[in-house]
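S.K.: predicted model and sequence follow; I will ask about them next.
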Amino acid sequence: MQQKSECLKKEIRELLLKEIDLSRDISDEEMYELIDIQLLKQCKELFLTVKEKKILRKELFHSVRRL
């Protein structure tokens with residue numbers, strides 16, 4: 001499962017970076033909303049627990065924000 005979530009994280013991160021308008025500052029709330037949308041789209045086929053989704057959401061946020 002770990003490998004699947006790593007692949008999913010990489011895929012979603014790439015989609016987010018393509019989608020984000022880098023010419024303006026995006027709020028944390030907007031960033032979480034974009035992440036949530038992508039998580040919902042990408043997780044239809046792959047079962048993840050709520051805990052796994054929360055962890056993935058947080059990791060994606062930090063990855064995109066470079067924290």
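M.R.: Good, I have the coordinates.
S.K.: contacts for the helix or strand of the chain with the lowest mean pLDDT?
M.R.: Across the helices and strands of the chain, mean pLDDT, DSSP states H and E gives its lowest value to helix 2-19, namely a mean of 84. Helix 2-19 has contacts (C-beta atoms under 8 Å, 6 or more residues apart in numbering) with 34-35, 38-39, 42-43, 46, 48, 52, 56, 59-60, 63-64. Placement of C-beta: from N, CA and C, glycine included.
S.K.: in that helix, which residues are buried?
M.R.: Along helix 2-19, these residues count as buried under the neighbour rule (16 or more other C-beta atoms under 10 Å): S5, L8, K9, I12, R13, L15, L16.
S.K.: show the average pLDDT along the helix or strand just after that helix.
M.R.: Per DSSP states H and E, the first helix or strand lying C-terminal to helix 2-19 is helix 28-42. For helix 28-42, mean pLDDT rounds to 91.
S.K.: for the residue lying farthest from the centre of the chain, grab phi and psi.
M.R.: No residue in the chain sits farther from the centre than S23, which is 20.1 Å out by C-alpha atoms, centre = their mean. Main-chain dihedrals, S23, degrees, to the nearest 10: phi -80, psi -10.
S.K.: how distant is the least confident helix or strand of the chain from the center of its chain?
M.R.: Using C-alpha atoms, centre = their mean, to the nearest Å, the distance from the centre of helix 2-19 to the centre of the chain it belongs to is 7 Å.
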